[in-house]
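Trainee: Next one to model:
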Amino acid sequence: MAISQDAHTVKQFDIQLANLRNLVLEMGGLAEDQIKRAIAALDEENMAAAREVIARDRLINGLQLKADEDCVSIIALRQPVGGDLRLIISLANTVTDLERIGDGAKKIARMAIQIYDGVSSPPSAKLLRDVTPMAELATDMLHDSLDALARLDVEKALTIIHNDDDLDQEFQSALRRLITYMMEDSRTIGHAINVVFIVKALERIGDHCKNIAEHIVYLVEGKNIQRRRNIDITMDGPVQAVLEK
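Mentor: Numbers count the residues shown, from 1 in each chain. Down below sits the predicted model:
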């Protein structure tokens with residue numbers, strides 16, 4: 001059953017739900033900004049900017065705490081059901097994914113410091129060649145996820161889920177190249193490992209964006225496509241029949 005957009009008899013309930021949704025979108029905007037700042041710090045070899053990204057992660061954590069408290073408060077006071085309950089659950093799950101996206105940005109900033117603040121020489125450009133295109137894909141996915149959440153756009157959410165495959169393929173290609181560089185020149189191993197952590201963080205950011213898109217589908221249509229994706233579709237019998245419905 002699709003989510004209802006009808007107003008509630010108690011207007012304060014509508015205000016609380018709207019405030020919660022706005023808080024989650026604010027948190028998402030901050031997470032998106034953190035990714036951009038972390039990549040810029042890496043590109044510009046700016047260690048001060050990288051440390052600022054790490055310090056700013058507490059802002060995302062603070063918004064997560066506030067959103068979690070608001071979710072608990074609304075459930076306790078309003079005892080929501082149906083679409084309202086799905087909204088709160090979906091937003092609570094989205095908050096968790098956004099916090100982890102923020103952790104991913106912090107990880108990239110830490111790796112930037114590890115790469116450029118050490119005693120070794122900077123890495124060659126070829127080691128970092130995959131970071132920018134992967135960062136653009138991940139940032140676009142997050143931006144589109146937040147837009148889909150604001151508009152309750154299921155079609156856009158489904159596109160985001162599909163686009164995660166592109167980011168996964170980029171990650172696999174980057175990993176193969178980095179392994180090749182390490183095999184060809186052992187002197188690149190230290191920097192290459194740090195870059196592996198960076199591209200892995202970007203790949204995980206994409207996974208969290210896909211999760212957010214799946215939360216949107218659940219919110220709007222009441223369909224848990226994440227659960228269906230995690231079930232072994234090679235099973236026979238009743239389970240297979242349910243999946244094919």
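Trainee: all contacts plus neighbour counts: C-alpha atoms, from now on.
Mentor: Noted.
Trainee: which element follows the host helix or strand of S73 toward the C-terminus?
Mentor: S73 belongs to helix 47-78 when assigned by DSSP states H and E. Along the chain past helix 47-78, the next helix or strand (assigned with DSSP H and E) turns out to be helix 82-116.
Trainee: Do me a favour and average the pLDDT over that following helix.
Mentor: Helix 82-116 comes out with an average pLDDT of 96.
Trainee: Check which helices and strands whichever helix or strand comes after that helix is in contact with.
Mentor: Of the helices and strands lying after helix 82-116 in sequence (DSSP H and E), the nearest is helix 131-151. For helix 131-151, the packing partners by 3 or more CA pairs under 8 Å, 6 or more residues apart in numbering; DSSP states H and E come out as helix 11-44, helix 154-184, helix 189-221.
Trainee: right, so these: which one is the most enclosed?
Mentor: Neighbour counts (mean count of other CA atoms under 10 Å) averaged over each of those peak at helix 189-221, with a mean of 23.
Trainee: Helix 131-151 and that one, what's the angle between them?
Mentor: Going by axes from the mean of the first three to the mean of the last three CA atoms, to 10 degrees, helix 189-221 is angled at 20 degrees with respect to helix 131-151.
Trainee: and helix 189-221, average pLDDT?
Mentor: 96.
Trainee: And stretch 148-158, by the same measure?
Mentor: Stretch 148-158 comes out at a mean pLDDT of 96.
Trainee: How far off centre is it?
Mentor: On the basis of CA atoms, centre = their mean, to the nearest Å, stretch 148-158 sits 15 Å off its chain's mean C-alpha point.
Trainee: For that stretch, output the C-alpha coordinates as PDB.
Mentor: C-alpha atoms of stretch 148-158 as PDB (Å, rounded to 0.1, in the frame of the first residue of the first chain):
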ATOM      1  CA  ALA A 148      14.600  11.100  -4.200                       C
ATOM      2  CA  LEU A 149      13.900  11.100  -0.500                       C
ATOM      3  CA  ALA A 150      12.800  14.800  -0.600                       C
ATOM      4  CA  ARG A 151      10.400  14.000  -3.500                       C
ATOM      5  CA  LEU A 152       9.500  10.500  -2.500                       C
ATOM      6  CA  ASP A 153      10.600   9.500  -6.100                       C
ATOM      7  CA  VAL A 154      10.500   5.700  -6.400                       C
ATOM      8  CA  GLU A 155      11.700   5.700 -10.000                       C
ATOM      9  CA  LYS A 156      14.800   7.700  -9.100                       C
ATOM     10  CA  ALA A 157      15.400   5.400  -6.200                       C
ATOM     11  CA  LEU A 158      15.300   2.400  -8.500                       C
END
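Trainee: For that stretch, which outside residues touch it?
Mentor: By CA atoms under 8 Å, 6 or more residues apart in numbering, the surrounding residues in contact with stretch 148-158 are 25, 144-145, 147, 213-214, 216-217, 220.
Trainee: Make TSV out of those and add distance to V81.
Mentor: What follows is these, written out as TSV (distance: CA to CA, whole Å):
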residue	distance to V81
L25	23
D144	28
S145	25
D147	25
A213	22
E214	20
I216	17
V217	18
V220	14
